[in-house]
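> Quick check, what structure comes out for this input:
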Amino acid sequence: MVALCSREVSLSTIFCFLLLFSLGCKCLASELQLHATQTAVLKVDASPQLARQIPDTLFGIFFEEINHAGAGGIWAELVSNRGFEAGGPHTPSNIDPWSIIGDDSSIFVATDRTSCFSRNTVALRMEVLCDNCPAGGVGIYNPGFWGMNIEDGKTYNLVMYVKSPETVELTVSLTSSDGSQNLASTTILVSGASNWTKLEQKLVATGTNRTSRLQITTNKKGVVWFDQVSLMPADTYKGHGFRTELISMMLDLKPRFLRFPGGCFVEGEWLRNAFRWRESIGPWEERPGHFGDVWHYWTDDGLGYYEFLQLSEDLGAAPIWVFNNGISHNDEVDTAAIAPFVKDVLDSLEFARGSADSTWGSVRAAMGHPEPFPVKYVAIGNEDCGKKFYRGNYLKFYNAIREAYPDIQMISNCDASSRPLDHPADLYDFHVYTDSKTLFSMKNTFDRSSRNGPKAFVSEYAVWRSDAGRGSLLASLAEAAFLTGLEKNSDIVQMASYAPLFVNNNDQTWNPDAIVFNSWQQYGTPSYWMQTLFRESSGAMFHPTTITSSYSGSLAASAITWQDSENSYLRIINFGSDPVSLTISATGLQASVNAVGSTATVLTSSNVMDENSFSNPNKVVPVKSQLSNAAEQMQVTLAPHSFSSFDLALAQSKLVADM
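Numbers count the residues shown, from 1 in each chain. Reported below is the predicted structural model:
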């Protein structure tokens with residue numbers, strides 16, 4: 001029994017912690033007197049034989065290009081429509097959000113098809129008409145994604161392609177939105193030639209402006225062509241092009257996997273607008289970009305397949321590649337004609353996993369990553385079960401991938417939580433968006449699921465609509481209760497992720513979302529902070545809990561420990577509007593808790609519909625307190641509408657004699 005000592009000591013901390021917590025709840029007493037206090041008993045079965053390890057992969061994140069989460073979000077490119085392709089391939093075309101500096105008598109701009117890049121042929125032709133141009137010149141400007149955040153002292157890397165038949169001097173500047181404040185400026189001499197020239201400059205800001213723009217001006221009459229104009233901050237995360245502060249929020253979730261790039265973004269309203277991995281790799285200047293017709297905006301695919309794989313590596317998360325299986329929202333490829341799509345996916349896997357000498361692995365190596373990416377999960381489509389050709393197409397992909405990569409785990413779109421699948425799969429996808437009461441009750445959903453067959457991947461879950469607001473405390477409590485049910489059923493639930501993860505505050509297509517941002521600010525909704533309280537779950541030991549009370553329908557709880565550290569965690573959700581006097585007991589073990597190292601963290605607020613915002617980003621966030629004393633009763637008081645998480649540190653302990 002000596003081998004069990006560390007486990008038993010950890011498990012027993014749940015029992016001993018409760019001698020500490022009641023003092024931490026006294027500060028709520030005056031508020032709790034306003035409600036009738038309910039009573040309940042929570043029992044934790046800490047016996048080693050019932051302990052079960054949670055999968056290492058249980059909690060991760062799902063990233064979809066939605067709400068400008070990538071373009072204008074985590075991807076740090078500041079120029080919107082940098083290749084002038086967003087208006088479509090037919091020229092002349094709309095160049096939004098580019099605009100002119102000057103008037104129709106001094107400048108004329110239009111797109112044509114003279115680019116030097118074969119996969120994105122549109123370029124911008126700027127003709128300067130004035131002999132005596134206005135002071136400051138005439139030209140074009142780009143406001144980025146609702147304004148560029150330019151910060152004093154920071155460096156910004158400019159790249160652009162230019163050609164002009166005559167020598168011309170251009171001034172490239174970072175200015176305020178009306179051009180009145182100059183933050184950085186450089187002069188570039190373009191030699192007259194018929195060939196395109198790549199120009200690169202570093203702009204160092206001498207001021208801060210959150211809604212800046214990039215402008216290119218000249219005083220000389222003549223014609224200049226522009227293409228692929230890029231402005232990137234020099235301080236991206238690990239130099240990989242990601243916005244550092246948003247990646248930091250992802251890292252704080254300790255994600256074990258990253259599902260990408262969608263979502264409906266993978267499907268498209270029509271197949272012609274679905275995400276295509278081949279067109280999103282290679283030099284950024286040569287990527288054609290595409291219009292995401294589900295969420296109604298253009299992306300230049302600077303954040304492409306390679307960058308998603310790189311992001312997974314940077315996060316230390318297993319990549320889960322969701323690919324199109326020949327099905328969109330409105331059209332489908334007949335199974336008899338699906339072979340090119342299958343070949344395309346096999347090529348994508350070779351790009352990720354192949355040696356640097358392989359056909360597609362060499363492309364990856366040329367992009368700077370000679371080592372393979374460890375892709376071990378793929379999802380065959382997104383929400384396509386029930387479509388006419390899904391099962392036929394699915395089997396074509398499944399068989400081809402199984403033959404080429406036997407270790408890859410394949411995820412079906414068809415739900416097997418209540419009935420068996422009629423096709424082979426390693427995992428099945430489960431999505432749920434619903435009201436708070438329904439999701440709270442769904443903490444028991446997988447109790448009745450078969451323990452045989454594929455595992456569940458709950459890849460999209462959230463409370464939405466009226467209960468959610470723009471990210472409410474109420475939503476986060478229901479979601480937390482749902483996650484305790486996933487922990488309880490983690491013998492058959494292998495992975496879970498909230499959706500959507502990000503929203504640019506200027507383009508909230510879907511509501512709510514976990515992380516809200518604009519060009520320079522960001523905050524987590526209560527649902528984001530709720531997830532931080534589950535970040536220690538993956539790979540931990542799970543221990544059964546039971547709640548006895550007439551009020552138990554409003555409570556949820558889970559208990560976990562780590563065998564290889566001196567920490568245990570107990571989480572309790574009070575979904576009801578009454579305070580709860582909770583008595584907690586654990587069976588069969590003796591130990592002690594290091595009160596100095598133990599903490600209680602509570603997520604609650606005065607109103608269950610409270611939200612965070614840019615003006616008050618910390619209105620609903622977890623509040624941590626140190627546990628310092630032992631009480632004589634194993635009793636805690638839970639505030640109404642609260643989520644309490646206890647991190648318990650071990651002290652020296654002694655097992656029951658003769659164990």
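> which residues of the stretch 401-550 of the chain fall in helices?
436-441, 473-488, 526-532 (DSSP state H, counting those that start in this stretch).
> now the chain
For the chain, the helices defined by DSSP state H cover 5-25, 29-32, 244-251, 264-267, 305-315, 339-353, 361-366, 390-404, 436-441, 473-488, 526-532.
> Put the alpha carbons of the fifth one into CSV.
Translated: helix 305-315. Extracted in CSV, the C-alpha atoms of helix 305-315 (Å, rounded to 0.1, in the frame of the first residue of the first chain):
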residue,chain,number,x,y,z
TYR,A,305,-3.0,26.4,-42.6
TYR,A,306,0.7,26.7,-41.7
GLU,A,307,0.1,29.5,-39.2
PHE,A,308,-2.6,27.5,-37.5
LEU,A,309,-0.2,24.6,-37.1
GLN,A,310,2.4,27.0,-35.8
LEU,A,311,-0.1,28.5,-33.4
SER,A,312,-0.8,25.0,-32.0
GLU,A,313,2.8,24.5,-31.4
ASP,A,314,3.3,27.9,-29.8
LEU,A,315,0.4,27.1,-27.4
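> Between helix 244-251 and that helix, find me the angle.
Angle of helix 305-315 versus helix 244-251, following axes from the mean of the first three to the mean of the last three Cα atoms, to 10 degrees, is 60 degrees.
> Check which helices and strands helix 305-315 sits against.
Contact here means 3 or more Cβ pairs under 8 Å, 6 or more residues apart in numbering; DSSP states H and E; on that basis helix 305-315 packs against helix 244-251, strand 257-260, strand 318-323, helix 339-353. C-beta coordinates here come from the backbone N, C-alpha and C atoms, glycine included.
> Pull the residues that contact that helix.
61, 63, 74-75, 237-238, 240-242, 247, 250-251, 255, 257-258, 260-261, 277, 280-281, 318-319, 321, 348, 351-352, 364, 367, 369, 373, 375 (Cβ atoms under 8 Å, 6 or more residues apart in numbering).
> ok, 7 Å please
With contact meaning Cβ atoms under 7 Å, 6 or more residues apart in numbering, helix 305-315 is reached by 237-238, 240-242, 250-251, 255, 258, 260-261, 277, 280-281, 318-319, 348, 352, 364, 367, 369, 373.
> okay, now the domains of this protein?
Domains of the chain are assigned by the TED database as 38-56+541-649, 60-73+261-534, 99-233.
> so how far is the first one from its chain's centroid?
It refers to domain 38-56+541-649. 27 Å (Cα atoms, centre = their mean, to the nearest Å).
> Quick one: mean pLDDT over that domain.
Averaged across domain 38-56+541-649, the pLDDT comes to 84.
> Surely Leu570 and Thr561 touch.
No: using Cβ atoms under 7 Å as the test, Leu570 is too far from Thr561 to be in contact (9.5 Å).
> What count of nearby residues applies to the closest residue to Ser164 other than its chain neighbours?
Closest residue to Ser164 apart from its sequence neighbours, by Cβ to Cβ, 6 or more residues apart in numbering: Val224 at 4.6 Å. For Val224, the neighbour count with other Cβ atoms under 10 Å is 23.
> now Phe614
Counted with other Cβ under 10 Å, Phe614 comes out at 13.
> got the contact list for it?
Phe614 neighbours (Cβ under 7 Å, 6+ apart): Gln521, Tyr523.
> any idea what sits nearest Phe265, other than its immediate chain neighbours?
Glu65 (4.6 Å).
> Tell me how many other residues surround the one you found.
With other Cβ under 10 Å as criterion, Glu65 counts 29.
> What segments of the stretch 1-150 of the chain are strands?
Assigned by DSSP state E, counting those that start in this stretch, the strands in the stretch 1-150 of the chain fall at 38-44, 52-53, 61-62, 99-101, 107-112, 123-128, 138-142, 148-150.
> partners of the last one in the sheet?
This means strand 148-150. Counting by DSSP bridges, the strands paired with strand 148-150 are strand 209-218 (antiparallel).
> From the rest of the structure, what touches the strand it pairs with?
Contacts of strand 209-218 (Cβ under 7 Å, 6+ apart): 79, 101, 128, 136-144, 147-150, 168-177, 179, 181, 183, 231, 519-520.
> starting at the chain centroid, how far to it?
30 Å.
> Highest mean neighbour count out of the domains of the chain?
Neighbour counts (mean count of other Cβ atoms under 10 Å) averaged over each of the domains of the chain peak at domain 60-73+261-534, with a mean of 20.
> Hmm, Phe389 is touching Ser328, no?
No: counting by Cβ under 7 Å, Phe389 sits too far from Ser328 to count as a contact (11.5 Å).
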